[in-house]
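J.: Output the structure for:
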Amino acid sequence: MPPPMPSTTGSGLPPTTPPGAVVTQTASGAMLTINMRPKSTTSDGQGMFEFRDLPGGTYRVTASPGQYSAGYLSIAYGAKKPNGSGTFDPGTPIQLAEGETFDKATIALPRGAVITGRVTDDNGEPLARVQVYTIMYPPGSTRGQRTGGGGQTDDLGQFRIFGLAPADYAVAAEARGNTFVSPNAPPETEEDKNGFMTTYFPGTGDEASAQRLRTKAGAETPGVEIRMVSGRLFHVSGMVVDSQGRAVPRGNGTLFKRSSSGMTTPFGFGMDEQGRFQMRNIPPGTYRLTVRQQPPAGAVRNPDGSMSEQGEFATMPLTINGDTEDILVTTSPGATITGTVVFENGPPQAANGQAQLQMRVSAMFADPESNIGSPNPPPAPVMPDLTFTMKGLAGELLLRGSAPQNYLKAVLVGAEEITDTPHEFKSGDRVTLVLTTQASTVEGNVTDAVGKPVTDANLLMFSEDTSAWRSSSIRTRRSGTDSNGHFRLQGVLPGRYYLIALPRERISGIVPGADPSVFEALTKEATSVTVGADEQRQVDVRVATGSGGAQ
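T.: Sure, this is the predicted structure:
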C-alpha cells in the first residue's frame, strides 16, 4: 500500500478572535511531485483548520480575517510582521515528508491599528461626509501607497480608520464637489469656483509636507485633527472624436490626478451625443486624460479571457492651473505590428494534451506610474507558424514573451535591438523575438554576519550595464531564500552582474519604473558575478546590512 499522504493542521485564531478566518496554503520546492495550486479553507468555531492528502514538499500557510472581522490583520505562519505593513514576511516554511503530519501550525491574527480624528473647515466647524484615507510609506521607499477602505466623517466631523498594519502613514481628507455636469449646463458662479482641496494632516495641501504617523498593532492613534484647505477649483471642457473625425457619443473618460508620490485620484466624465464633455470642481495639478471605447463588433476573446481587439482609445497628459476649455481629444486604434518568434535551439514541445504550443507575446509600459489609466494592448497569441499580430499599441512599451524551458534573449524591430529600451511602435513595424534555452542558473546560500543562514532574504541580480537598470529588464532576476537560507535564480543570460541579498524591508523600493539611482545605490554593497552561457554557478553571499538600498 502507498504511504499515507501528509496533512497540516493547526489553529488560525487566538482565543479572542472571531471564527471564520480564511487559511491558504501554497506549495513550492523540488520535493513536490505534482504542480499544486494554492488551496484555501475556513477555520471553524474554535479556530481549527486542516489540509489533508498533501504530497511531500515545502508549504507556507497564511491566515486572513473573515468578512466581518476587519479589525484583524493577515499574517503567515511563523511571520513576525503582518501582511500589508510595507514589507513582505513569508513566515516559516513547513517541510513535510511523505505521510508526515504537522499539527503545530498555530497562527495568531494580530489586531490592526486604528487612527481616529476629526475634520473641520477654516473656521473649525465640523465637516460631514468627507472621505478620509491613509497613505502608507513602506520602509526604504519615498512613494506612498493608498491603503485600506478609509472612512467617512459623521455629523460631528469625526472619523475612525481601522484594520491598519503597523507602518508610517499620512492621513488625507477629500471633500469633493460634483465633477460631472451636463455639457450644456449653465456657467458657474464665482462662489461655485471655490472649494476644498485634498488636505493632509494636520492641514496642508502639499503631500510632501504631511505629518506622518507611526501606528502599532492593536493600538489607537487619536486626536488627528485635519483643517481643510480651500482654494480655486477649475472648469474643464472639450470634445472627443474618433480617428475618422466622427464624434464619440455617450462615451466615458477619466481624468487621473497625480501626486508627488505617484498616488492617483480619478475624476470621471461622460460625453453627450455630440461627443462633448464638461467637468467642474477640478483642483489644479498634473493629470492624464483617458478615453476608451468599447471593443469593435466581432472582437473575440483570447483563451485567457482578454479581448483580441480593443476599441479606440486616447490618452494625453494635461496640466490644469486654470479653466481649460475646448480640448479636442482624438481616439486611435493604436499601432498594429506583426512579428515572428525565433527559437535559437528549436521550439519546445507542446504540453501534455495540447495540440500545439500555447504562447503569447505581451506588451508592458516601461514606466507604469507615468501611464496610469492607459490601456495595455491585448496580448497576441503566437500562431503555429510562430508568427503573431499585436494591435492597439500606444506609448513607450517593452515586448515580452516566454515558452517552456526557454527565455527571452532579444527583441528586434528590423535590425535594431530594443529588448530593454522603451519603444513607441508604429503600424507596420516588423518585430522578432529571440528565445533561447542557453541560460544559466545561479544559486547559493545567504548568511548573516556570524554565518547563520538567513531564511527571509530577497535576492536581486541585475546587469552591470546601466541601460538595463530597471525591474522589468530581462537581465533583472529576483528570488527569495528557503528555510535553509538557499536561493536559486534561473534564466540568467550571459553577462556581468551585481548580486545582492536584501532584508525584506529594503526590497520595497524595487518597483516597476524605479529610478536607476535605486540600482546605483545597491552596487555599493553588491557582489560582482560573471555568468557564462548555460552554466551552473554557486555564489554564497551575506545579507546586506547598510542603508544603501532602495530609497
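J.: Show me where the stretch 251-400 of the chain dips below the pLDDT cut-off.
T.: Applying pLDDT under 70 to the stretch 251-400 of the chain flags the ranges 260-263, 296-309, 350-356, 369-370.
J.: which residues in it form strands?
T.: For the stretch 251-400 of the chain, the strands defined by DSSP state E, counting those that start in this stretch cover 252-258, 264-270, 276-282, 285-292, 313-320, 324-330, 335-343, 360-365, 380-381, 387-393, 396-401.
J.: Met197 is nearest to which of these?
T.: strand 285-292 (9.6 Å; Cβ to Cβ). The C-beta positions use only the backbone N, C-alpha and C, and glycine is treated the same way.
J.: Would you mind writing the CA trace of that closest one as PDB?
T.: Only the C-alpha atoms of strand 285-292 are listed here, as PDB (Å, rounded to 0.1, in the frame of the first residue of the first chain):
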ATOM      1  CA  GLY A 285      -2.400  69.700 -10.800                       C
ATOM      2  CA  THR A 286      -0.900  67.300 -13.300                       C
ATOM      3  CA  TYR A 287      -3.300  64.900 -14.900                       C
ATOM      4  CA  ARG A 288      -3.600  62.200 -17.600                       C
ATOM      5  CA  LEU A 289      -6.900  62.200 -19.500                       C
ATOM      6  CA  THR A 290      -8.000  58.800 -20.900                       C
ATOM      7  CA  VAL A 291     -10.900  57.800 -23.100                       C
ATOM      8  CA  ARG A 292     -11.600  54.200 -24.100                       C
END
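J.: coming back round to it: present the strands of the stretch 251-400 of the chain as a markdown table; the columns should include distance to Gln536 and mean neighbour count.
T.: Below are these laid out as a markdown table (distance: least, Cβ to Cβ, whole Å; neighbours: other Cβ atoms under 10 Å):
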| stretch | distance to Gln536 | mean neighbour count |
| --- | --- | --- |
| strand 252-258 | 45 | 19 |
| strand 264-270 | 44 | 16 |
| strand 276-282 | 58 | 22 |
| strand 285-292 | 46 | 20 |
| strand 313-320 | 45 | 17 |
| strand 324-330 | 54 | 14 |
| strand 335-343 | 22 | 18 |
| strand 360-365 | 29 | 19 |
| strand 380-381 | 34 | 20 |
| strand 387-393 | 33 | 19 |
| strand 396-401 | 25 | 20 |
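J.: can I get the ones you listed in a markdown table with distance to Ser374?
T.: Formatted as a markdown table, the strands of the stretch 251-400 of the chain follow (distance: least, Cβ to Cβ, whole Å):
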| stretch | distance to Ser374 |
| --- | --- |
| strand 252-258 | 9 |
| strand 264-270 | 12 |
| strand 276-282 | 19 |
| strand 285-292 | 6 |
| strand 313-320 | 4 |
| strand 324-330 | 14 |
| strand 335-343 | 14 |
| strand 360-365 | 7 |
| strand 380-381 | 18 |
| strand 387-393 | 11 |
| strand 396-401 | 10 |
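J.: So which residues of the stretch 451-551 of the chain form helices?
T.: Ranges of helices in the stretch 451-551 of the chain, per DSSP state H, counting those that start in this stretch, are 516-522.
J.: Tell me, please, where in it the pLDDT is lower than the cut-off.
T.: Short version for the stretch 451-551 of the chain, where the test is pLDDT under 70: 504-515, 546-551.
J.: sorry, back to before: looking at the strands of the stretch 251-400 of the chain, which is nearest to Val22?
T.: strand 264-270 (29.2 Å).
J.: tilt between the closest one and strand 285-292?
T.: Counting by axes from the mean of the first three to the mean of the last three Cα atoms, to 10 degrees, strand 264-270 lies at 50 degrees to strand 285-292.
J.: Just the CA coordinates for strand 264-270, please, in PDB.
T.: Written as PDB, here are the backbone C-alpha positions of strand 264-270 (Å, rounded to 0.1, in the frame of the first residue of the first chain):
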ATOM      1  CA  THR A 264      -3.600  58.900  -8.300                       C
ATOM      2  CA  THR A 265      -7.100  60.400  -7.900                       C
ATOM      3  CA  PRO A 266      -9.600  59.600 -10.700                       C
ATOM      4  CA  PHE A 267     -12.300  62.100 -11.800                       C
ATOM      5  CA  GLY A 268     -14.800  60.500 -14.300                       C
ATOM      6  CA  PHE A 269     -16.700  62.300 -17.000                       C
ATOM      7  CA  GLY A 270     -19.200  61.400 -19.800                       C
END
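J.: so what secondary structure elements neighbour that strand?
T.: On a contact count with 3 or more Cβ pairs under 8 Å, 6 or more residues apart in numbering; DSSP states H and E, strand 264-270 meets strand 180-181, strand 252-258, strand 276-282.
J.: Show me what it is in contact with.
T.: For strand 264-270, the external contacting residues (Cβ atoms under 8 Å, 6 or more residues apart in numbering) are 174, 179-180, 198, 250-259, 277-279, 282, 372-373.
J.: Go again with 6 Å.
T.: 179-180, 252-258, 277, 279, 372 (Cβ atoms under 6 Å, 6 or more residues apart in numbering).
J.: and the residues you listed as a markdown table, adding distance to Lys81?
T.: Below are these laid out as a markdown table (distance: Cβ to Cβ, whole Å):
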| residue | distance to Lys81 |
| --- | --- |
| Thr179 | 39 |
| Phe180 | 42 |
| Asn252 | 41 |
| Gly253 | 40 |
| Thr254 | 35 |
| Leu255 | 37 |
| Phe256 | 32 |
| Lys257 | 32 |
| Arg258 | 30 |
| Phe277 | 46 |
| Met279 | 42 |
| Ile372 | 29 |
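J.: which of the residues you listed lies closest to Val224?
T.: For the contacts of strand 264-270, the nearest to Val224 is Lys257 (23.3 Å; Cβ to Cβ).
J.: got a list of what that closest one touches?
T.: By Cβ under 6 Å, 6+ apart, the contact list for Lys257 reads 265, 285, 287.
J.: Contact partners for the second one?
T.: Neighbour list for Gly285: Lys257 [criterion: Cβ under 6 Å, 6+ apart].
J.: gap between Thr476 and Gln438?
T.: Computed as Cβ to Cβ, to the nearest Å, the Thr476 to Gln438 distance reads 19 Å.
J.: whoops, I mixed them up, Gln158
T.: Distance of Gln158 to Gln438, given as Cβ to Cβ: 64 Å.
J.: next one: Val224
T.: Val224 is 57 Å from Gln438, by Cβ to Cβ.
J.: Pick out whichever of the two has more residues nearby.
T.: Between Val224 and Gln438, counting by other Cβ atoms under 10 Å, Val224 is the more crowded of the two (20 against 15).
J.: for that one, which residues make a bridge with it?
T.: With DSSP bridges as the criterion, Val224 is bridged to Gly117.
J.: who touches it in this structure?
T.: Counting by Cβ under 6 Å, 6+ apart, Val224 touches 115, 117, 171, 201.
J.: Can you get me the start-to-end distance on stretch 187-199?
T.: End-to-end distance for stretch 187-199: 27 Å, by Cα to Cα, to the nearest Å.
J.: which one of the helices and strands packed on strand 264-270 lies closest to Gln293?
T.: For those, proximity to Gln293 was assessed by Cβ to Cβ; strand 252-258 is nearest, at 9.4 Å.
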